Structure formats: structure tokens, C-alpha cells
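>>> I need the structure of the sequence given here:
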Amino acid sequence: MPKYLVIVESPAKVKTIKKFLGSNYEVLASNGHVRDMPKSQLGFDVENGYEPKYITIRGKGDILAALRKAEKKADKVYLATDPDREGEAISWHLAEALKLDEKKRRRITFNEITKTAVKESLKHERPIDMDLVDAQQTRRMLDRMVGYRISPLLWQKVKRGLSAGRVQSVALRIIGDREDEINAFIPQEYWTLEAKLMAPGEKKPITAKFYGTDKKETISSETQKDEILKAISDSDFIVDEVKKGERAKKAPLPFTTSTLQQEAANALNFSTQKTMRLAQQLYEGVELKGSGTVALITYLRTDSTRISNEADQAAREYIADQYGSSFVAEKKEEQKSGKKIQDAHEAIRPTDITRTPASVKDLLGRDLFRLYNLIWKRFAASRMAPARFETTSVKITAGGGYRFTVSASRVVFEGFRCVYTESSEAKEDNNVITGALESGMKLTQKGIEAQQHFTQPPAHYTEASLVRALEEQGIGRPSTYAPTITTIIARRYVAKENKNLYMTELGEVVNNIMKEAFPSIVDVSFTANMESLLDSIEEGTINWKTVVENFYPDLDEAVKEAEKNLEKVTIEDEVTDVVCDLCGRNMVVKYGPHGKFLACPGFPECRNTKPYLEKIGVPCPVCGKDVVIRKTKKGRRYYGCEGNPECEFMSWQKPVEQKCPQCGGYMVEKGNRIVCADKTCGYISEKQK
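Reported below is the predicted structural model:
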């Protein structure tokens, strides 16, 4: 009987797959990559055609020895690594490291670890796709070029331990640009008016919102608000127009890697890293009583929303059985997205729609269950009919030709909503129009509520919104979102507080260097174009060497230029008048991972350190002591009083010495302007150059 060897990436898959195959199959794991470029050097020969050099990864010798032993006994070797670029490259490296004969080695892929999928994959064996391998190899080389050439420069100019990256530096730039927008933002005043109106014969009032006159208007000042109130205070409110209609809300698409990360962050408060870790477990298989190890979801790294015909049919049958045929979505032709997607595998979905979250709840840990529940519900919803709402829109005329509007909606058919609602879904208007409102009807005024508001700056990025921004701008791929965000937080370039991402002082320094010395590397459109070139290599339309040959010389020149011209940012030991409590020396300013701190120059004999309070030359508006730069525990900068905790003054924006000429309060810098810290005052002046 012939013997077959199946090599997978993860040991967690071995048990699951072994159960599906006969005794003449041996299943072993490579534990990810077995070969890589040497860590001690660039890893490819710039002078001789950019040919990469590979060595066995330290610690993988025993694994390779076991694989060689098993391979010798096998008549055929199936390389069953993950169905993407990275998986294809691992298969190729395995084939090279094991010196597998081309006739003996075969590549198989499956999108889900189920008996059907694994058995089917054996019928569709193929050679290794070298275009996919070349795309991965090129990405790796480009990342190496940026990391290995620019990171030493950052060590030289700032401090050791810093790093640059082809994707991470762009992500940092995107966060930095948003911070600049927020810091330069000046709030604008506006008012809203709501009238409580009673229809004849009704017990509950309806809430009508101010619209304007013939066109929509914004109430931008208190004076304008007072004028409108004067015009409408004693006037009649007459129903002008009543429109009834119907609105449908489409079911959401099944999850891609990006949308899963976003929704898990918003709905479950999971970090991108946590989401990917849990999804990996669900994909590789979890222990279910009575069934052994079972894979619950399909492959987790995808940017496709495509679903296989079998899974689509199974979902439709399940929905028809559980909810009724009216809840099943109509079949539509798949619409092709304008952007390039890696459509080799499906969207993220349950491997079996009948395995409901309720049936596995007691067998999964809390977080695994919550993620599976989210994926299951989203997939089920994607095959269901739209929700339908009956809408009512009412226009009401008051004195002075001013208009108010009432909008109300009522669910007439739940559709997919009986299974799933998105975390971001806006709350429906809580107006309920019970009686019949008719044109010409007079409504009784029960009160008018006026509220002052100020426009809000753009929101700080969260992990979810950063993933969305990276995806929209074509930066990175499903597999890179989580590691990119993890890296910039780990390097302390970005601090995460209450879900929001903030740039740290260290992040600002690195970002400014990258923008100054390597503008193309941190250019969003340049990076997106590189991703598109990698896609073209994968499709076989561009040779990988062409991309590398065009990229490296420009990078090399930029690095050499930066080495010559870039000023050193490392802060010299600045002597202060603060005396060391332990040895009496004057303490010096040092620069650490969290920013500046005071240290004794007698190190290592004296290891005394203190927080460094950098004064900005502005007295505290509360107590008159100096305002100093402080940092939150996670490294986000703010301005506070040196007398803290006795004095609680703090400001996210930098205060200035100048007092507000309008209200006498303190003022802060906002981009190129000086603004009163009191929003209600609203005084603005240009910053003196």
C-alpha cells in the first residue's frame, strides 16, 4: 500500500486532519517557516541580481530531521500549508529544505479543515505556484530593505531599539496626520431646537426638529437662536406635508479579516491581535465532546466576501427551516469589487451552519464563544432577507416661515435583524406617531428646547478605525493589520488609552525623521502602489526582480543622504540644577523608552532617577506655579502644573502666556492659531511668528 506524507503548518491541525485520512497517511507539522534570510545581514546580494540567501531557522533542525525521515518512507508528499502567499512560500521552502523531487511533491490547499474539504483537496493536487512564492519573497525583501537600512539610521540618530517598517511607518504617519488635524481643530458653535408638539386627541407629544426655511439651515449663534425663538414662540405649528414610505436595510456581507477585526473591536472590545489569535484557534480546531477536535470557521486571512455554493445552499436551507422561507435572501449575481482582492478563498464563515453558538457554548471558553457567536450570526444574516421599515416624514410650518420636521419609522419585517445587528447601527428615531397626522392640522406647542453644541474634532484612531483606514487606502494585507498595530504600540510610538491610539513623544520624533528623510516610504499612495505591484507579481504579470531593482537603489540613495544630512536627535546629557538625593551630584536629562527622565551621572555606582518636569515658560492659570510637560502612564503627552497633585490643572493642548482679551481665561495653541480654552468664549487670534 502506498504511503503518503501530509505536511501542515500548525501542530494544532495535525490531530484534526489525521482523523479525516486513512492509516496510510502520516500528518506532520512544520511549525511555520523552516527557512529565512539570515538575521545578521540584509539577506540578498545587491551586486548579483538580488538573489535571496536562505538558511535554516535556528531550532528547526529537529523538525526538518523528522520530516526528512518521514519523507523517505513516503511515495508522495502533500504540502498542505495555508492557502495564501505565506503558506505557498512555506511549501516551497519545505520542498527546497527537504530536497523533494518535483514528481514526488504536490501542493494541496483547503479553506476549511473539514473532512469534505481535506478529501476534496487531495483530488485537486497541483505544483507549487511560483508566482505566489515570488510575491511573498518580494514582500519579504522590501520589508527587509526598509527595516535593515532605515532602523540602524534611527539607532544612530535617536536611540537603539527603534525600528522602521514598510507598513508600520505608514501606519504611524496616518496616526500622526490625524493628531495634527485634531490639534489644529477649532470648534464651531451651533444650536439645535426641538419642539414638543401635541396632535389633537393624542396623549403623548411628538418631537419635531428645527429644519430651516426653504432649505436646511444651521443655527450658528445665540443671537440667531433667540431670533428664531422669538418668531415661533407664540405662533401656530401647522402640518404642511405628511409622507409615508418604505425603507429596506440590506443584510451585511460576511466577514473579511478587516471587517472581523473592526466589528470584534467595536462589539467585543477585542484588540486586533486578540481577534486573530482566537480566530486561529477556531480555524485550527477546538476540542468538542463527542466529536473530538473540530474546526469551527474557515480560513481567517482573507479580503474576499465570496461564499462557496455548498455553504450558501446549506445556510439558505437552515434559515428556511428555522425562520421560514420569507427570511431567505434572494439569489444575486456576485458583484465584483473595483479594488484588487485576494479571492483565492472565501469569506470567514462557520464550517457548519447547523453548529449554532448555543450548541457549543458550554464547550468553548468565554472569548472563543463570543467570537464564534459573532462570526456565525454575521454569516447567517448575510444569507437573509433585508429588514423593512415603514417610514413617516412630516413637515411642519411655524412662524417666520420656519420649518420643523418629524421622522419616524416602524419595523414591518425584521429580516436579518432577528439574527444580527451591527454595533455601529444608529438608533432609530424613537418618535412613534400613533395617530393620523394630516396636512393642515394644527398642533399645540408644549415647549421648545434649545441646546448649544460645538463641532467636534476628527476622532482619534482606534485599532478598528485604523484597520479600516489601512484597508481603504490599500496599505498592507489581511495578514499584516494586527502585527503592524502590535509593533507600533510595542515600540511605544503609539499609546493606547480607552481604545484610542495617541502618538507619543518618541513616535513624533520617529515620524518626523521618516517624513523628512524618507518621504516616499511613508507616502500613503506609494505604499499602496507597492501592494498593487505585489499583487501583479502574484498574478504573473510583473517579474519580481523588476520591482526590487527599481526600489532598492532609490532607498539606498535616500539612506546615504540621510546619514550625511540628518541631525542627531539624541538628547545629550543636559545638566540640571536638581541635586541627587543619594550622592549630591547635579542630575542630568536622559531619554528613555517613555521619554525624558532625570538620572544621576554617577551611574552605575548611583542609580537614582527622577521624573523630568520640563517647563514650558508659562505660569499655571490656576495657582501661578510653572506649567510642565507631563505624560500619562502609557506615554501620551499633556500639560499640567508642577504643583500636582495639590493643583489639578491639565490641558491636552499647549497653554500660552497670553491671557484671553475677551474673557480673561487662559489660551492654548491650535495649529497656527491661539484659541481661548473656553469653547463658549470662542476668541481666536493668529500665532505670532
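>>> isn't residue 33 right up against residue 91?
No: judged on C-beta atoms under 8 Å, residue 33 makes no contact with residue 91 at a distance of 10.8 Å. C-beta coordinates here come from the backbone N, C-alpha and C atoms, glycine included.
>>> more neighbours: the two, which one.
Each of residue 33 and residue 91 has its neighbours counted (other C-beta atoms under 10 Å); residue 91 has more, 28 against 16.
>>> quick one, what contacts the more buried one?
Applying C-beta atoms under 8 Å, 6 or more residues apart in numbering, one finds that residue 91 lies in contact with 7, 79, 81, 107, 128.
>>> could you do residue 150 as well?
Shown in contact with residue 150 (C-beta under 8 Å, 6+ apart): 164, 169, 514, 518, 521, 559.
>>> now render those residues as CSV, adding secondary structure and distance to residue 590.
Formatted as CSV, the contacts of residue 150 follow (DSSP: H, G, I helix; E, B strand; the rest coil; distance: C-beta to C-beta, whole Å):
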residue, secondary structure, distance to residue 590
164, coil, 23
169, helix, 26
514, helix, 24
518, coil, 27
521, coil, 29
559, helix, 28
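>>> number of nearby residues for residue 407?
Neighbours around residue 407, by other C-beta under 10 Å: 16.
>>> ok so it is a strand residue?
Yes: assignment of residue 407 by DSSP: H, G, I helix; E, B strand; the rest coil places it within a strand.
>>> if it is in a bridge, with which residues?
Residues in a beta bridge with residue 407, per DSSP bridges, are residue 393.
>>> pretty sure it contacts residue 392?
Yes: contact criterion C-beta under 8 Å: residue 407 and residue 392 qualify, at 7.3 Å.
>>> what about the helices in the stretch 151-300 of the chain?
Remark: helices assigned in the stretch 151-300 of the chain by DSSP state H, counting those that start in this stretch are 168-184, 222-232, 257-268, 272-284.
>>> single out the most deeply packed of those.
Ranked by mean neighbour count, those are led by helix 257-268 with a mean of 23 (mean count of other C-beta atoms under 10 Å).
>>> list the helices and strands that one packs on?
Contacts defined by 3 or more C-beta pairs under 8 Å, 6 or more residues apart in numbering; DSSP states H and E place helix 257-268 against helix 272-284, helix 366-382, helix 463-472, helix 481-490.
>>> got these as CSV, with mean pLDDT and distance to residue 676 columns?
Shown next, in CSV, are the helices and strands packed on helix 257-268 (pLDDT from 0 to 100; distance: least, C-beta to C-beta, whole Å):
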stretch, mean pLDDT, distance to residue 676
helix 272-284, 94, 39
helix 366-382, 96, 45
helix 463-472, 93, 30
helix 481-490, 91, 34
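>>> picking that back up, between the helices of the stretch 151-300 of the chain, which gets nearest to residue 588?
Nearest to residue 588, of all the helices of the stretch 151-300 of the chain, is helix 168-184, at 29.1 Å by C-beta to C-beta.
>>> touching stretch 486-500 from outside, list them.
161-163, 165, 168, 171-172, 175, 265, 269, 272-273, 459-463, 501-504, 506-507, 510-511, 593-594, 632, 634-636.
>>> show me which of those residues are buried.
Buried members of these, scored by 16 or more other C-beta atoms under 10 Å, are 162-163, 165, 168, 171-172, 175, 265, 272-273, 460-463, 501-504, 506-507, 510-511, 594, 635-636.
>>> show me which residues of stretch 197-216 are buried.
Under the neighbour-count criterion of 16+ other C-beta under 10 Å, stretch 197-216 has 197, 199, 205-211 buried.
>>> name the nearest of those residues relative to residue 454.
Nearest member of these to residue 454, counting by C-beta to C-beta, is residue 210, at 17.5 Å.
>>> next one: that closest one from residue 680, what distance?
Using C-beta to C-beta, to the nearest Å, residue 210 is found at 21 Å from residue 680.
>>> likewise residue 5?
Distance from residue 5 to residue 680, by C-beta to C-beta: 74 Å.
>>> equivalent analysis for residue 582, please.
From residue 582 across to residue 680, the span is 50 Å (C-beta to C-beta).
>>> again, but for residue 581
From residue 581 over to residue 680 the distance is 46 Å, taken as C-beta to C-beta.
>>> for residue 298, find the nearest of the helices and strands packed on helix 257-268.
helix 272-284 (7.1 Å).
>>> who touches the closest one?
With C-beta under 8 Å, 6+ apart as the criterion, helix 272-284 contacts 10, 12-13, 16, 112-113, 257, 260-261, 264-265, 270, 295-300, 348, 367-368, 371-372, 375, 463-464, 467, 481-483, 485-486.
>>> what do you get for stretch 303-321?
111, 253-254, 256-258, 327-329, 334, 341-347, 349, 352-354, 379-380, 382-384, 471, 477-478.
>>> which among the residues you listed count as buried?
Buried among the contacts of stretch 303-321 by 16+ other C-beta under 10 Å: 111, 254, 256-258, 327-329, 341-342, 344-347, 349, 352-353, 379-380, 382-384, 471, 477-478.
>>> ok, the nearest residue to residue 401 once chain neighbours are set aside - contacts?
Closest residue to residue 401 apart from its sequence neighbours, by C-beta to C-beta, 6 or more residues apart in numbering: residue 213 at 5.1 Å. Residues counted as contacts of residue 213 (C-beta under 8 Å, 6+ apart) are 401-403.
>>> which among the residues you listed gets closest to residue 618?
Nearest member of the contacts of residue 213 to residue 618, counting by C-beta to C-beta, is residue 402, at 46.1 Å.
>>> now do that closest one against residue 216, distance only.
12 Å.
>>> on that earlier part again, for residue 443, state which of the contacts of residue 91 is nearest.
Taking C-beta to C-beta as the measure, residue 443 lies nearest residue 81 of the contacts of residue 91, at 69.0 Å.
>>> wait, what's in contact with the residue lying closest to residue 56 once chain neighbours are set aside?
Spatial nearest neighbour of residue 56, excluding adjacent residues (C-beta to C-beta, 6+ apart): residue 35 at 5.8 Å. Residue 35 makes contacts with 54-57, 60, 93, 96-97, as judged by C-beta under 8 Å, 6+ apart.
>>> do you know how far residue 35 is from residue 127?
19 Å.
>>> again, but for residue 289
Separation of residue 289 from residue 127 (C-beta to C-beta) stands at 41 Å.
>>> ditto for residue 236
Separation of residue 236 from residue 127 (C-beta to C-beta) stands at 81 Å.
>>> more crowded one of these two?
Neighbours were counted for residue 236 and for residue 127 using other C-beta under 10 Å; residue 236 has more, 13 against 10.
>>> these two touch, right, that one and residue 440?
No: checked against C-beta under 8 Å, the pair residue 236 and residue 440 is beyond contact range at 11.2 Å.
>>> beta partners for the residue lying closest to residue 417 once chain neighbours are set aside?
Spatial nearest neighbour of residue 417, excluding adjacent residues (C-beta to C-beta, 6+ apart): residue 387 at 4.5 Å. Counting by DSSP bridges, residue 387 forms beta bridges with residue 249.
>>> show me what contacts the residue most central in space within the chain?
Centroid-nearest residue in the chain, with C-alpha atoms, centre = their mean: residue 467, separated by 2.3 Å. By C-beta under 8 Å, 6+ apart, the contact set of residue 467 is 258, 261-262, 265, 272, 481, 485.
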